[in-house]
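[1] Provided below are the primary sequence and the corresponding predicted coordinates.
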Amino acid sequence: MNKPAVLGGKPRFTTPVKLVDITFVNKEQILKQIDETLDSSLLTNNGKHLIAFEEALSRLLGVPVVAVANATLGLTLLFKAAGLHGKIIMPSFTFCATAHSAVWAGLEPVFVDIDEKTFTLDVNSVKKLITPDVCAIVGVHTFGNPCAIEELEKLAKSKGIRLFFDAAHAFGVTYHDKPIGSFGDAEVFSTHATKTLITGEGGFVSSNDKKIIDNIKRGRNFGFNNDNSDALFCGTNAKMTEIGAIIGLDSLDAVDGMIKHRGVIAAVFRKRLSKIPGLRMQEIRKDAVSSYCFFGMLVILEEFGLDRDGLAQALAAENVVTRKYFSPPLHRMTAYKNHATSHLPVTEFVSSNIICLPIHSKVTVEIAEEICTAIENIHKHAAAIHDAL
Ligand code: T4K
């Protein structure tokens, strides 16, 4: 085998293998619809493409949905719409938007530990932190792996508190053959460019609770009544544009094939990388199909020979882009430094060792195999790389 690029060998890829790479199904159709939309001058405010996008999502997930400008505002509007007050339980191992949205809605996040294998909420840790001032739990379907849904539903019900899911990564995920979208009291998806269903910036909330859906519909439009003659409450502006919806409708046509492809690439990674000491891949919940929005694995220094940062650096030299989602965890961020947080050992461990590999439609089986070969080679030369870095 060649020397790894980080030690002066030839990079395995001549152009970067990006972390995210977007494929459109019918770019000409998108451009035609954008052209017509520009000519119509109806760019936003409940236009026909937005309505078509919401209807398509609702049909697919079997639950009412309301599209929003991004998942962060979707979460904020949801917490407001549910009339929550007090503390809200969530993982610290998530993107900061999960907690920021709660704070913007006047709530106090309580960070809870995760499970070391699935990277999702640890139900026993949640149980321990439910006090009378906790009003809700937010589970995050991390990287597209569903939370322990039934256990959390049972727990929330027994405590009389609300249960929401941050499904930012989870479009295209199924659990017991049912699409993610109708679990808990509501779920919030992101359709940001880095996700499986994309509108550029965007997201949507799905819920069987009519009050929540109606309230978010008003809330995304300043809190206006039906004829915009009066603001019934202090809403915000969280509307999705027509151009976003046009891209989203195209993206919807791509999702099925994309999820299948990601499953194939994930299988290649699992088969090859599980043979290398010190690499622990996220365990996908039984009876679930993950979206593999991100492919996350832990790098254990003592077994692999390099830590996560060393592997990231060595892969960068091979022209493979990686990301450390989510590092640091939220309770280590400046924004939350004054937050009372219990000890979160698993979160600390996962967050310090996590690395996400590229997984998308342009990562072919050959590219995935080549990434695995690069990692094998890096492992083989780990001691030399360790000394060189
Ligand atoms: N909850 C969870 C669990 C989340 O992960 C997120 C967002 C949210 C809630 C909130 O959702 P939104 O309010 O955003 O709808 C990105 C995204 O900005 C963020 O949406 C996402 N999670 C988070 C996991 O990742 P960055 O700062 O890491 O992204 P950035 O710009 O560095 O891009 C990552 C990679 O994607 C790069 O390699 C470039 C590539 N990329 C990026 C963009 C924006 C593209 O190829 N095309 C693009 O347009 O935060």
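    The structure has been received and is ready for your questions. Numbering: from 1, shown residues only.
[2] pLDDT wise, what is residue 272 at?
    At residue 272, the model reports a pLDDT of 98.
[3] which one is the residue nearest to the spatial centre of the chain nearest to, not counting chain neighbours?
    The chain has residue 169 as the residue nearest its centroid, 2.6 Å off, counting by Cα atoms, centre = their mean. Spatial nearest neighbour of residue 169, excluding adjacent residues (Cβ to Cβ, 6 or more residues apart in numbering): residue 293 at 3.7 Å. The C-beta positions use only the backbone N, C-alpha and C, and glycine is treated the same way.
[4] which residues touch residue 148?
    Going by Cβ atoms under 8 Å, 6 or more residues apart in numbering, residue 148 touches 115, 118, 120, 121, 123, 139, 285.
[5] circling back: how close does the residue nearest to the centre of the chain sit to residue 189?
    Residue 169 sits 9 Å away from residue 189, going by Cβ to Cβ, to the nearest Å.
[6] what does the stretch 101-250 of the chain put close to the ligand?
    140, 166, 168, 169, 190, 192, 193, 194, 203 (Cβ under 6 Å from any ligand atom).
[7] double-check that the residue nearest to the centre of the chain belongs to a strand.
    No - counting by DSSP: H, G, I helix; E, B strand; the rest coil, residue 169 falls outside a strand, being coil.
[8] quick one: the helices in this structure?
    27-40, 48-61, 71-81, 96-104, 123-129, 149-159, 210-219, 242-273, 301-304, 308-317, 345-353, 365-380, 382-388 (DSSP state H).
[9] residue 349: neighbouring residues, count only.
    16 (other Cβ atoms under 10 Å).
[10] surely residue 242 and residue 42 touch.
    Yes - using Cβ atoms under 8 Å, residue 242 makes contact with residue 42 at a distance of 6.7 Å.
[11] more neighbours: which of the two?
    The neighbour count for residue 242 versus residue 42, taken as other Cβ under 10 Å, is higher for residue 242 (24 against 14).
[12] give the contact list for that one.
    37, 42, 43, 44, 47, 48, 49, 50.
[13] quick one, which of those residues are buried?
    37, 44, 47, 49, 50 (16 or more other Cβ atoms under 10 Å).
[14] show the pLDDT at the residue lying farthest from the centre of the chain.
    The centre of the chain is farthest from one residue, residue 229, which by Cα atoms, centre = their mean lies 37.2 Å away. For residue 229, the pLDDT comes out at 97.
[15] returning to what we had before: by neighbours, which of the contacts of residue 148 wins?
    When neighbours are counted by other Cβ under 10 Å, residue 139 leads the contacts of residue 148 with 31 neighbours.
[16] could you measure from it over to residue 147?
    Counting by Cβ to Cβ - residue 139 and residue 147 are separated by 4 Å.
[17] any common contacting residues for the two?
    120, 121, 165.
[18] the ligand: which of the residues you listed is nearest?
    Closest to the ligand out of these is residue 165 (10.1 Å), distances taken as Cβ to the nearest ligand atom.
[19] once you drop chain neighbours, what's closest to the closest one?
    Closest to residue 165 by Cβ to Cβ, 6+ apart is residue 187, at 4.3 Å.
[20] grab the nearest non-local neighbour of residue 181.
    residue 61 (3.5 Å).
[21] returning to that earlier point: which neighbours do residue 242 and residue 42 share?
    Shared contacts of residue 242 and residue 42 (Cβ under 8 Å, 6+ apart): residue 48.
[22] can you pull out the residues in contact with stretch 123-138?
    75, 79, 82, 84-90, 98, 102, 107, 110, 112-113, 121, 148, 151-152, 155-156, 159, 161-166, 342.
[23] show me what counts as buried in that stretch.
    For stretch 123-138, by 16+ other Cβ under 10 Å, it's 123, 125, 126, 130, 134, 135, 136, 137, 138.
[24] redo the contacts of residue 148 as a markdown table? Include pLDDT and distance to residue 364.
    Shown next, in a markdown table, are the contacts of residue 148 (pLDDT from 0 to 100; distance: Cβ to Cβ, whole Å):
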| residue | pLDDT | distance to residue 364 |
| --- | --- | --- |
| 115 | 98 | 32 |
| 118 | 98 | 28 |
| 120 | 98 | 29 |
| 121 | 98 | 34 |
| 123 | 98 | 38 |
| 139 | 98 | 33 |
| 285 | 97 | 27 |
